[in-house]
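K.L.:
what's the 3D shape of this:
(one chain, ligands or ions: 2)
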Amino acid sequence: MVQKVDHIGIAVKNLDEALKFYEDVLGLKCAGSEVVEEQKVKVAFLPIGDTEVELLESTEEDGPIAKYVEKKGEGIQHIAYRVANIEEAIEEMKSKGIRMIDEKPRYGAGGAKIAFLHPKSTHGVLIELCERD
Ligand SMILES: C[C@@H](C(=O)O)C(=O)SCCNC(=O)CCNC(=O)[C@H](O)C(C)(C)COP(=O)(O)OP(=O)(O)OC[C@H]1O[C@@H](n2cnc3c(N)ncnc32)[C@H](O)[C@@H]1OP(=O)(O)O
Ligand SMILES: [Co+2]
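P.N.:
Ligands and ions are numbered 1, 2, ... in the order given. Modelled structure (predicted):
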């Protein structure tokens, strides 16, 4: 079903400040950043091995990242798993009784097709399914 960890999503208060840590201290390199308006986030990607760290700063006060930071502080907000066919993966999850936040794919960073599973269905982790070329 899932093929690899596509990325690890980390909620931060300030992207530039967080990038200083990931680049200057850990030595990762930012491969790009963009705003994903539908999710009310600005994201930066830092590849490592065959996966990536995704840093997320909220662009609006009522976005999912703003809410997360307000309730829990900065930290790991989601884990994204790569799937080959997201429509099939969503149907499979639903047939197994998993509560989907997104029953249809949305578009995420880099034009990937994404869909979230509710953490109440996944032992407490917000999981993103992600299909990209
Ligand atoms: C750009 C894109 C990309 O990769 O391309 C992205 O990643 S966008 C990444 C940002 N986008 C998203 O996260 C979109 C999907 N997320 C959502 O729809 C929301 O954030 C929810 C996950 C439904 C949470 O919504 P909300 O904060 O309103 O609900 P809530 O506070 O009532 O939380 C309901 C329960 O879920 C738990 N909960 C909330 N957020 C959680 C998280 N990130 N990880 C684990 N558990 C979490 C709460 O503690 C609570 O449990 P208790 O009841 O036990 O206290
Ligand atoms: Co993500």
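
K.L.:
Residue 17 versus whichever residue of the chain sits closest to ligand 1, what's the distance?
P.N.:
Going by Cβ to the nearest ligand atom, ligand 1 is nearest to residue 108 of the chain, at 2.3 Å. In this view, the C-beta of every residue, glycine as well, is placed from N, C-alpha and C. Relative to residue 17, residue 108 is positioned 23 Å away (Cβ to Cβ, to the nearest Å).

K.L.:
Can you pick out the residue with more neighbours from those two?
P.N.:
Applying other Cβ atoms under 10 Å to residue 108 and residue 17 shows that residue 108 carries more neighbours, namely 26 against 10.

K.L.:
That one contacts residue 39, doesn't it?
P.N.:
Yes. Contact criterion Cβ atoms under 8 Å: residue 108 and residue 39 qualify, at 7.1 Å.

K.L.:
which residues are in contact with both of the two?
P.N.:
Shared contacts of residue 108 and residue 39, defined by Cβ atoms under 8 Å, 6 or more residues apart in numbering, are absent.

K.L.:
Tell me what the residue in the chain that ligand 2 sits nearest to is bridged to.
P.N.:
Taking Cβ to the ion as the measure, the chain has residue 9 as its residue closest to ligand 2, at 4.1 Å. For residue 9, the beta-bridge partners under DSSP bridges are residue 54, residue 78.

K.L.:
Can you tell me which residues in this structure are near ligand 2?
P.N.:
Taking Cβ under 5 Å from the ion as the contact definition, the chain meets ligand 2 at 9, 54, 80, 128.

K.L.:
try 8 Å this time
P.N.:
Within the chain, the residues that sit near ligand 2 (Cβ under 8 Å from the ion) are 6-7, 9, 43, 54, 56, 78, 80, 108-109, 114, 128, 130.

K.L.:
So residue 103 sits against residue 90, correct?
P.N.:
Yes. Here residue 103 reaches residue 90: they are 6.5 Å apart, a contact under Cβ under 8 Å.

K.L.:
More neighbours: which of those two?
P.N.:
Using other Cβ under 10 Å as the criterion, residue 103 and residue 90 rank with residue 90 on top: 21 against 11.
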